[in-house]
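**Q** Please find the sequence and the predicted model below.
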Amino acid sequence: MELRPFSGTYLTDPAAIWRDLLDGPERVHYADDLGLWLITKHADVRTALGDSEAFSNALTLMPIYDMCPEALSIVMQIDAPPTTAAADAPTHTRTRRALRATFANTAARVNEQYGAMVRRRVDELVSRLVARRGTVVDLVSDFAAELPLLVIVDLLGAPPEDVPAIKSWSDGQIALVWGQPDPAEQVRLAQGLLDFWRYCQRLVAIRVREGHDGDDFISKALRYRGGDDEILTEDEVASLAFNLLVAGHETTSGLIAHSLDNALSVSSRWERLVENPAGVPAFIEETLRFGPAIDGWLRVTTRDVAIGETTIPAGSRCLLLLGAANRDSGVFAHPDVFDPHRADGRDHLSFGYGPHFCIGAALARLEAQVALTQLTAAVPGLRLAPEHVSSFKPNAGFRAHHALPVFVETFARVDERAPRAA
Ligand code: HEM
């Protein structure tokens, strides 16, 4: 079969394909167009995520197609040592331990350490939105894409003036690994990725030279390292920063945009959140299940692996369809219904499962919760521009909206239609 993630139905309506794959007779599928095995059932995806001996992370951040030689030669110059998402044990165990010691990953620690920073950034962005009341604004470029980027840049201690470059490099990494760029674009994106890596190395070098007693992540990681390469090398600190800068914002931007789309595309849902903001956390959890910001994630098999009647050979790259697993009727009642009150909602796999479980899950939840809560309070009359039709960037793993144009209204005006965008 062909998945065709860059065109066709999978791009516009992935849930229709997930349903076909889940309901079909085969337990796993081979996507001829991608050269990837597709794993869809909740139990199989969870096993693959959790079994790092049979399913390695070694190629997780390598492009899903054969790069042209020029792009490949540039990528080969990126000498970033694998850490966390791209590493297996024992490197993964050691670098994950370092991350857990230096980066808050529980709801309580995140709130305590990053809560004020998140709230300040949300307040700034919401105030800017309120100042534009009566106009049409793109909530993706002017809110959802900005908030997590500003937060992760604050958290890492990178200079705010570097935000545009970081955004462009990190968008480029996602397009290079999970997209379908032509050779000229591959070369451009590969060069951006190399520049991004060198930038992260410089961030670390500056802290090494000028002192690292601050509260930012890089300073904390350097203190944790204590000058001992057995604990963490300087390049591993840079590699962790490199991963966090991408993982920390593209995904959370997606979650905020999906939540806003889910809330605003059915006006009664938005009104309910305005009336009862205590419902926001459950709404976000259901958004994570229903349409995850990462709906496919990679592993490579280290040996032959049998799933049902099929044997996936050793050395095969597998796309774990997290979005499909979240619609498995064996786990979720009425899986294709968006229901924030469902009892089984937290069984989704949108943050992964097992040893690589997302270290930023608590931060992502906090950002999305504060953002939606503040928006319902400050702009209760927010409405999608009437001509808007959701569309996504062509990508095999990250599901990101192109845009989310809304009419900004500070008063709830339930019965009126928003004016057309200029
Ligand atoms: C909605 C937002 C997010 C989603 C959907 C998401 C999703 C995921 C998934 C599916 C994994 C598992 C990878 C695997 O099993 O190989 C993962 C790992 C990871 N995530 Fe997230 N993530 C989000 C937000 C964040 C944030 C805010 C950060 C940090 C600031 C972050 C940092 C990481 C890191 C470092 C890993 C690698 C962990 C490891 O390999 O041990 N993520 N994320």
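**A** Nice, I can see it.
**Q** Flag every residue of the stretch 1-150 of the chain that's near the ligand.
**A** Counting by Cβ under 6 Å from any ligand atom, the residues of the stretch 1-150 of the chain lying close to the ligand are 49, 57, 60, 84, 85, 96. To be clear about C-beta, it is placed using only N, CA and C from the backbone, and glycine gets the same treatment.
**Q** of those residues, closest to residue 239?
**A** Taking Cβ to Cβ as the measure, residue 239 lies nearest residue 84 of these, at 8.5 Å.
**Q** and that closest one, what is it in contact with?
**A** If a contact means Cβ atoms under 8 Å, 6 or more residues apart in numbering, then residue 84 has 92, 95, 96, 99, 240, 243, 356, 359 as its contacts.
**Q** quick one: which of these is most hemmed in?
**A** In terms of neighbour count, residue 240 stands highest of the contacts of residue 84 at 28 neighbours, by other Cβ atoms under 10 Å.
**Q** any weak-confidence spans in the stretch 51-200 of the chain?
**A** Residues of the stretch 51-200 of the chain meeting the criterion pLDDT under 70: none.
**Q** And the helices in it?
**A** Secondary structure of the stretch 51-200 of the chain (DSSP state H, counting those that start in this stretch): helices at 69-75, 91-102, 107-130, 146-156, 163-178, 183-210.
**Q** which element follows the longest one toward the C-terminus?
**A** Proceeding N to C from helix 183-210, the next assigned helix or strand is helix 217-225, under DSSP states H and E.
**Q** Run through the residues of the stretch 151-300 of the chain sitting next to the ligand.
**A** Residues of the stretch 151-300 of the chain lying near the ligand by Cβ under 6 Å from any ligand atom: 152, 243, 244, 247, 248, 251, 252, 255, 292, 293, 294, 297.
**Q** Let me have those in TSV, extended by secondary structure.
**A** Formatted as TSV, those follow (DSSP: H, G, I helix; E, B strand; the rest coil):
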residue	secondary structure
152	helix
243	helix
244	helix
247	helix
248	coil
251	helix
252	helix
255	helix
292	coil
293	coil
294	strand
297	strand
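**Q** could you list every residue that touches the closest residue to the ligand within the stretch 101-250 of the chain?
**A** Across the stretch 101-250 of the chain, no residue is closer to the ligand than residue 248, which sits at 2.9 Å (Cβ to the nearest ligand atom). Contacts for residue 248 (Cβ under 8 Å, 6+ apart) come out as 148, 151, 152, 155, 360, 363.
**Q** what about the residue lying closest to residue 191 once chain neighbours are set aside, distance to residue 173?
**A** Computed as Cβ to Cβ, 6 or more residues apart in numbering, the closest residue to residue 191 that is not its neighbour in sequence is residue 74, at 5.6 Å. Distance of residue 74 to residue 173, given as Cβ to Cβ, to the nearest Å: 13 Å.
**Q** Tell me the residues that contact both of those two, please.
**A** residue 193.
**Q** Spatially, what comes nearest to residue 216 if we skip its sequence neighbours?
**A** Leaving out its chain neighbours, the residue that sits closest to residue 216 by Cβ to Cβ, 6+ apart is residue 157, at 2.7 Å.
**Q** shouldn't the one you found be in contact with residue 218?
**A** Yes - with contact defined as Cβ atoms under 8 Å, residue 157 reaches residue 218; the gap is 5.7 Å.
**Q** Neighbour count: those two, which is higher?
**A** Using other Cβ under 10 Å, the more surrounded residue of residue 157 and residue 218 is residue 218, with 25 against 18.
**Q** what residues are up against that one?
**A** Neighbouring residues of residue 218 by Cβ under 8 Å, 6+ apart: 156, 157, 203, 204, 207, 212, 237, 241.
**Q** and which of these is nearest residue 4?
**A** The shortest approach to residue 4 among the contacts of residue 218 belongs to residue 241, at 35.1 Å (Cβ to Cβ).
**Q** got a list of what the closest residue to the ligand within the chain touches?
**A** At 2.0 Å from the ligand, residue 360 is the closest residue in the chain, using Cβ to the nearest ligand atom. By Cβ under 8 Å, 6+ apart, the residues touching residue 360 are 103, 105, 244, 247, 248, 251, 252.
**Q** Spatially, which residue comes closest to residue 155, not counting chain neighbours?
**A** Ranked by Cβ to Cβ, 6+ apart and with sequence neighbours excluded, the top spatial neighbour of residue 155 is residue 217, at 5.6 Å.
**Q** ranges for the strands of this structure?
**A** Secondary structure of the chain, counting by DSSP state E: strands at 28-31, 36-39, 55-56, 136-138, 297-301, 305-307, 310-312, 317-320, 383-384, 405-407.
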